[in-house]
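1. Predicted model and sequence follow; I will ask about them next.
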Amino acid sequence: MLPTSEFSPSGRPLALYIVDPADENYEKVLPMFSADAMGHGFYVHGHDLLLIDGGAGLDADQLKAVEAHEASHAILRHTEYNNPQFELEADELAVQMLQDRGYDDAADLLIDRLEAPNENE
Ligand SMILES: [Zn+2]
């Protein structure tokens, strides 16, 4: 049983799966992480499932930022990967959700990225 992301909208639990390198599924999901702009997370369309790379050495703030970003894709019902407009919208909603919950350091990570769009993929 996977934990539910705290960014889940009411009535719609988003499962959070932080994939450990020791996990049998790790090799299978690793290539998918690079499909998203952050490279460390992935939202599985239609399954309300957020995957985060547990082997990337992310600290607590980075993990929270990735989780909020991927949850935003789910909440906004994005159905396309690598869409620059969707990435922007996901970051903006994630910043709002992080700040609402007091994760200001995690929010700042995304704000820095929004202010330096040339460094985005
Ligand atoms: Zn994204």
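-> Perfect, thanks for sending it.
2. what packs against the one helix or strand K28 maps to?
-> Taking DSSP states H and E as the criterion, K28 maps to helix 26-33. Packing contacts for helix 26-33, counted by 3 or more Cβ pairs under 8 Å, 6 or more residues apart in numbering; DSSP states H and E, involve strand 41-44, strand 49-53. In short, each C-beta sits where N, CA and C put it, glycine included.
3. Can you check the pLDDT for the most centrally placed residue in the chain?
-> With distances taken as Cα atoms, centre = their mean, E70 lies nearest the centre of the chain, 2.8 Å away. Per-residue pLDDT puts E70 at 95.
4. any idea of the mean pLDDT in stretch 9-27?
-> Stretch 9-27 comes out at a mean pLDDT of 95.
5. any idea what sits nearest the residue of the chain found nearest the ion, other than its immediate chain neighbours?
-> Nearest residue of the chain to the ion, counting by Cβ to the ion: D36, 4.2 Å away. The shortest distance from D36 to any non-neighbouring residue, by Cβ to Cβ, 6 or more residues apart in numbering, is to F42 (5.6 Å).
6. same question, L63
-> I52 (6.4 Å).
7. my read: the one you found touches A15, true?
-> No. Contact criterion Cβ atoms under 8 Å: I52 and A15 do not qualify, at 11.4 Å.
8. More neighbours: which of the two?
-> The neighbour count for I52 versus A15, taken as other Cβ atoms under 10 Å, is higher for I52 (25 against 17).
9. Helix or strand: which one has H78?
-> Counting by DSSP H and E, H78 is found in no helix or strand.
10. what does the one 10 residues further on give?
-> Under the assignment given by DSSP H and E, the secondary-structure element containing L88 is helix 84-100.
11. So what touches the helix or strand that that helix is followed by?
-> Next in sequence after helix 84-100, counting helices and strands by DSSP H and E, comes helix 104-115. Identification of contacts with helix 104-115 by Cβ atoms under 8 Å, 6 or more residues apart in numbering yields 60-62, 64-65, 68-69, 88, 91-92, 94-95, 98-99, 119-120.
12. try it again with 10 Å
-> With contact meaning Cβ atoms under 10 Å, 6 or more residues apart in numbering, helix 104-115 is reached by 37-38, 59-69, 72, 87-88, 90-101, 103, 119-120.
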